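Undergrad: Quick one, fold the following:
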Amino acid sequence: MVYTLSSPSVLAADAACHSQARALVACLTRAFSLTPDACAPAPHDQAATAIAWGMVEFVDMTAPSTARALATVVGGRHLPDAPSLARTRLGSARDVARLVLAETGPWPDAPEVTLPGLGAHAAPAAAAAAAAAAWWSRPELPIEHFRSLTDPWRAMIALDEAEPAPAADVYGERADAVADALAALACPSTDLASLAALRWPFGTWQNAMHAAAWAAFHQDRLHAQMVAVLAATGQVLAANPGAGPVELRSALHAAHALVVGALLGDVLDTEPLQVLRMAEAGL
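TA: Purely as a prediction, here's the structure:
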């Protein structure tokens, strides 16, 4: 899979540079914050839903793909300019849907819904995956198909049972530390340019995030790490409407390091934790 629970920054950065970034990131954050009490209706019109998924596949064929952009260099053409390259995505709408289906829930007692090409899944997971794929495909996805895919999701999140899980349930004993990191990102004095200007020695940020992912795996916090990274991404987007994709991607390195360090600060080894805490210099 292109997008995985152990590498949340990949999904979050691609979503942040999407033309529908704020709605898309909000949808993903909510999807990964659902509780086992959430319930969703089946699609009203299975035929319309199947057609809408077909349109998602069609849109994916022309979406800005990182792989296609880099392949142009192999073909002898010039690399796209930095903003165009920053807007490309490693994965497709179907890749996003697969991750949501695999990693939200579980809902052992929920009725199942069959999604074209993706199999049968619990209705809440299916609703969340369809909504995420729909936002990933906008604005190219026609509005009638968008509504077909998002109707069950909108019906579900309108219910009290679909309220996001409390931070203490998501982050456990690290809830206060994560809340402080998110509050720091939302603070008016936090400047996007300062976050984007932070630089780590080559490979150190990646190595520290890799160490954090292993720590999260061993502590059963991978899901919490995904929610924290998406929440941090949402904070940066909300505080910086209209920011360019190049600056956003650079700033998200610091934002993600900040919240991951907060979430795993009690279990990470000293060296990777110090690397992640370099992000505090941008606050």
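Undergrad: what bits of the stretch 1-150 of the chain have low per-residue confidence?
TA: In the predicted model, the stretch 1-150 of the chain carries pLDDT under 70 at residues 74-77.
Undergrad: if you go through it in chain order, where are the strands?
TA: Ranges of strands in the stretch 1-150 of the chain, per DSSP state E, counting those that start in this stretch, are 112-115, 119-122.
Undergrad: Which strands and helices lie in contact with the last one?
TA: Just to be clear, that refers to strand 119-122. Counting contacts by 3 or more CB pairs under 8 Å, 6 or more residues apart in numbering; DSSP states H and E, strand 119-122 packs against strand 112-115. C-betas here are computed from N, CA, C, even on glycine.
Undergrad: so how far is the strand it packs on off the chain centroid?
TA: Chain-centre distance of strand 112-115: 23 Å, with CA atoms, centre = their mean, to the nearest Å.
Undergrad: In CSV, could you pull the C-alpha coordinates for that strand?
TA: C-alpha atoms of strand 112-115 as CSV (Å, rounded to 0.1, in the frame of the first residue of the first chain):
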residue,chain,number,x,y,z
GLU,A,112,-21.6,-4.9,5.6
VAL,A,113,-21.6,-2.9,2.5
THR,A,114,-19.9,-4.0,-0.7
LEU,A,115,-17.7,-1.4,-2.5
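Undergrad: Same list, the strands of the stretch 1-150 of the chain, but as a markdown table with distance to residue 150 and mean neighbour count please.
TA: Output for the strands of the stretch 1-150 of the chain, formatted as a markdown table (distance: least, CB to CB, whole Å; neighbours: other CB atoms under 10 Å):
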| stretch | distance to residue 150 | mean neighbour count |
| --- | --- | --- |
| strand 112-115 | 14 | 19 |
| strand 119-122 | 16 | 16 |
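Undergrad: got a markdown table for these, with distance to residue 80 too?
TA: A markdown table is the format used below for the strands of the stretch 1-150 of the chain (distance: least, CB to CB, whole Å):
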| stretch | distance to residue 80 |
| --- | --- |
| strand 112-115 | 33 |
| strand 119-122 | 35 |
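Undergrad: which stretch among those comes nearest residue 153?
TA: Among these, the nearest to residue 153 by CB to CB is strand 112-115 (11.7 Å).
Undergrad: Would you mark the buried spots in stretch 168-188?
TA: 170-171, 174-175, 177-179, 181-182, 184-185 (16 or more other CB atoms under 10 Å).
Undergrad: wait, stretch 14-22
TA: 14-18, 20-21.
Undergrad: Check stretch 37-48 too.
TA: Buried, per 16+ other CB under 10 Å, within stretch 37-48: 38-40, 43, 48.
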